[in-house]
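[1] would you be able to build a 3D model of this:
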Amino acid sequence: MKRLLFNLLRLLLLSALGGAAWVAHRAETLPELPAAAKPREQDVLEELRLAAIKRATAFEISEADINRHLAAVMPTRIGSRAEGWFRLQDTRVELEEGRAHVVIVWDVRGLRRTASIDLAIRREAENYHVEVLHGAIGHLRLPRGMMRVLDPTLRVITDALDAEIKALFQMTQITFGKDKLLLDSRFTSA
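    Numbers count the residues shown, from 1 in each chain. Predicted coordinates for the structure are as follows:
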């Protein structure tokens, strides 16, 4: 009887691991990149830099503009071929109230793989802190501690977007809204 129970538990564990592997390999679906409603007068990076210099405006950048900017600059900044079988294909951002959902897409030998991370941002004194809330590999939801495996990929992405991140952190206030990034570059009154 003990042997039967042990074998049933082992079968259950193997089934759970197989199911988790299957869920992790199913790529997350990405929304289509919408066409520009109106052409932007300047790119996102230039808009951030000007706002940091002027220090007199509050403005917003739409989710669609952020995703168009990422689609335009990421391929030119990341020559991401690893021995010919791995390529970082796309990065998308979905903005919700208080958080950003970042989806990273790889092409691994012709197969599409995704990972996503939910981020929150807060300001303490003069410093911004970006916090990983949780994430997923494929459709497999994981707690933030298990998202550590994406650390090398996130470093590559943040290195590629270094100018944008530095300009963004010059803002006095950064807030995630539904489908938009709300920024305020005005000086705060002490």
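
[2] how about the strands in this protein?
    Secondary structure of the chain by DSSP state E: the strands cover 58-62, 81-82, 86-96, 99-108, 111-124, 127-137, 140-143, 173-177, 180-184.

[3] looking at these, which is closest to residue 17?
    Closest of those to residue 17 is strand 140-143, at 11.4 Å (criterion: CB to CB). All C-beta atoms are positioned from the backbone trio N, CA, C, and that covers glycine.

[4] against which helices or strands is that closest one packed?
    With contacts taken as 3 or more CB pairs under 8 Å, 6 or more residues apart in numbering; DSSP states H and E, strand 140-143 sits against helix 2-25, strand 127-137.

[5] any chance of these in JSON lines, with mean neighbour count and distance to residue 113 too?
    Listed next are these as JSON lines, based on neighbours: other CB atoms under 10 Å; distance: least, CB to CB, whole Å:
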{"stretch": "helix 2-25", "mean neighbour count": "10", "distance to residue 113": "7"}
{"stretch": "strand 127-137", "mean neighbour count": "15", "distance to residue 113": "8"}
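
[6] so which of those gets nearest residue 64?
    Closest approach to residue 64 among the helices and strands packed on strand 140-143 (CB to CB): strand 127-137, 22.0 Å.

[7] angle of the closest one against strand 99-108?
    Computed by axes from the mean of the first three to the mean of the last three CA atoms, to 10 degrees, the angle separating strand 127-137 from strand 99-108 equals 50 degrees.

[8] who does strand 127-137 touch, helix- and strand-wise?
    Counting contacts by 3+ CB pairs under 8 Å, 6+ apart, strand 127-137 packs against strand 111-124, strand 140-143.
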